[in-house]
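Enquirer: predicted model and sequence follow; I will ask about them next.
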Amino acid sequence: MEADAKFLWRNVAQVKEELGVKKVYNADQSGVCFEYLPKHTISEKGAKTVWVRCGGKDKERLTDMFLVDSTGKQYTPFSSSYLSNKNDCEISSTC
């Protein structure tokens, strides 16, 4: 494993030099679902049914992006969101 990592970094350094690249950027994303309400629960047999109003937004999520460059400079994180047009509660009879 360590030999593979050294091989990778040697190749990255070689390509940087060949192309005249001064900075290399690395980005990572972290996704978060929000307003998620489960449609099914597991209960013991005979337990009282408790109804929960569905928010209809179980497909909506927010993705945060984190960016750093090869000098160690960290950039301001930014977000993107995915909002579905479909309202699952109006379609599904399980809500």
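Expert: All right, it came through fine. Since this is a predicted model, take the numbers as computed values, not measurements.
Enquirer: where does the chain dip in pLDDT?
Expert: 32-41, 50-60, 82-95 (pLDDT under 70).
Enquirer: the longest helix in it is where?
Expert: helix 2-19 (DSSP state H).
Enquirer: what residues does it touch?
Expert: 21, 24 (Cβ atoms under 8 Å, 6 or more residues apart in numbering). (Glycine included, C-beta is placed from N, CA and C.)
Enquirer: what pairs with the helix or strand just after it, parallel or antiparallel?
Expert: Scanning forward in sequence from helix 2-19 by DSSP states H and E, the next helix or strand is strand 25-33. Its sheet considered, strand 25-33 pairs with strand 61-69 (antiparallel) by DSSP bridges.
Enquirer: could you list the alpha-carbon positions for the strand it pairs with in PDB?
Expert: What follows is strand 61-69, C-alpha atoms only, in PDB (Å, rounded to 0.1, in the frame of the first residue of the first chain):
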ATOM      1  CA  ARG A  61     -30.800  17.200   0.300                       C
ATOM      2  CA  LEU A  62     -28.000  19.700   0.700                       C
ATOM      3  CA  THR A  63     -24.400  19.100  -0.400                       C
ATOM      4  CA  ASP A  64     -21.600  21.100   1.100                       C
ATOM      5  CA  MET A  65     -18.300  21.300  -0.900                       C
ATOM      6  CA  PHE A  66     -15.000  21.800   0.800                       C
ATOM      7  CA  LEU A  67     -11.900  23.000  -1.200                       C
ATOM      8  CA  VAL A  68      -8.200  23.200  -0.400                       C
ATOM      9  CA  ASP A  69      -5.200  23.700  -2.600                       C
END
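Enquirer: the helix or strand following that strand versus strand 61-69: what angle between them?
Expert: Downstream of strand 61-69, the first helix or strand assigned by DSSP H and E is strand 78-82. If you take axes from the mean of the first three to the mean of the last three Cα atoms, to 10 degrees, strand 78-82 sits at 150 degrees to strand 61-69.
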